[in-house]
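Asks: fold the following, please.
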Amino acid sequence: MKARFLRILAGFGLVSAVVLSQTMASYGQGVPSADLRKISGKATIEIKTSAGDIEVEVDGDSAPITSGNFVDLAERGFYNNLTFHRVEPGFVIQGGDPNGNGTGGFIDPKTRQERVIPLEIRTTNKDGKPGEILYGKTYSRSGLNVRQQPPVLTHTEGVIAMARSQNPNSASSQFYITLSATPPLNGEYAVFGKVTKGMDVVKRIKLGDKIVSVKVLSKPKS
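Replies: Here you go, the predicted structure:
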């Protein structure tokens, strides 16, 4: 089952050839200690594209580091003029790669290295309430049952999540938006928000369409 699951992801192209430039071993247990931006609460982000405008709401309560990373890159203007380099009809659109081919990420000007963030998934307790955040491990590797304790944020239609390589701690800047519900990805990839306006735009994005700009409309709490 696990091998089949990985083949499905590879077929859809979410397992990209990202070359890591820093070790992520410290993310294997507990909350990561790296100096990564975190936010709390919700923030609204406007993604202007050559096909129209999209608004997404990122959830800093469920994904503080993943949301903080996206907000930081938006405020830096990193995504401006990049493209959607992968479009899989009925599955996802993917963008945010400065190389435009699925291999790139954000190079931090301070460290001159690619910034990567840990896999971050808030779990649900058995009583149905939000539980702890799982860092650095997928559900399948941590022994959690995705049906009994699903993630707080699941892969319904129109969610935004981080693309990564087979290393769970390799997400950098590339993101994807789902075109339909994709339950096999639940607990394996980090969802951090959802489309609130412009899902019709998302569905008409074509390969090579441009991300004109990404702007934070409502300031999150850091």
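
Asks: going by C-alpha atoms from here, please, whenever you check contacts or count neighbours.
Replies: Fine.

Asks: now the element after the lowest-mean-pLDDT helix or strand in the chain, going C-ward?
Replies: Of all the helices and strands that make up the chain, helix 2-12 has the lowest average by mean pLDDT, DSSP states H and E, namely a mean of 42. The helix or strand immediately downstream of helix 2-12 is strand 42-49, counting by DSSP states H and E.

Asks: which residues of the chain fall in strands?
Replies: Under the criterion DSSP state E, the chain contains strands at 42-49, 52-59, 82-88, 92-95, 107-108, 113-114, 120-124, 130-135, 159-162, 175-178, 191-197, 210-216.

Asks: name the helices or strands packed onto the fifth one?
Replies: Applying 3 or more Cα pairs under 8 Å, 6 or more residues apart in numbering; DSSP states H and E, one finds that strand 107-108 contacts strand 113-114.

Asks: mean confidence for the strand it packs on?
Replies: Averaged across strand 113-114, the pLDDT comes to 93.

Asks: who does that strand pair up with?
Replies: Next to strand 113-114 in the sheet, as set by DSSP bridges, lie strand 107-108 (antiparallel).

Asks: spatially nearest residue to the residue nearest the centre of the chain (excluding sequence neighbours)?
Replies: With distances taken as Cα atoms, centre = their mean, the residue of the chain nearest its centroid is residue 162 (1.8 Å). Nearest in space to residue 162, with sequence neighbours left out and distances taken as Cα to Cα, 6 or more residues apart in numbering, is residue 175 at 4.4 Å.

Asks: do the same with residue 90
Replies: Nearest to residue 90 is residue 179, by Cα to Cα, 6+ apart, at 5.3 Å.

Asks: could you pull up phi and psi at the one you found?
Replies: The phi and psi values for residue 179, taken as degrees, to the nearest 10, are phi -90, psi -10.

Asks: verify the stated contact: it with residue 87.
Replies: No - shown here, residue 179 and residue 87 do not form a contact pair, counting by Cα atoms under 8 Å, at 9.8 Å.

Asks: joint contacts of these two?
Replies: residue 93 (Cα atoms under 8 Å, 6 or more residues apart in numbering).

Asks: what's the neighbour count on the residue nearest to residue 162?
Replies: 22 (other Cα atoms under 10 Å).

Asks: okay, and the beta partners of it?
Replies: Beta-bridge pairing for residue 175 (DSSP bridges): residue 95, residue 162.

Asks: quick one: the top helix by length along the chain to strand 130-135, angle?
Replies: Secondary structure of the chain read by DSSP state H shows that its longest helix is helix 64-76. Going by axes from the mean of the first three to the mean of the last three Cα atoms, to 10 degrees, helix 64-76 is angled at 70 degrees with respect to strand 130-135.

Asks: other SSEs contacting helix 64-76?
Replies: By 3+ Cα pairs under 8 Å, 6+ apart, helix 64-76 packs against strand 191-197, strand 210-216.

Asks: what would these look like in JSON lines with distance to residue 113 and mean neighbour count?
Replies: As requested, the helices and strands packed on helix 64-76 are exported to JSON lines (distance: least, Cα to Cα, whole Å; neighbours: other Cα atoms under 10 Å):
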{"stretch": "strand 191-197", "distance to residue 113": "24", "mean neighbour count": "23"}
{"stretch": "strand 210-216", "distance to residue 113": "23", "mean neighbour count": "20"}
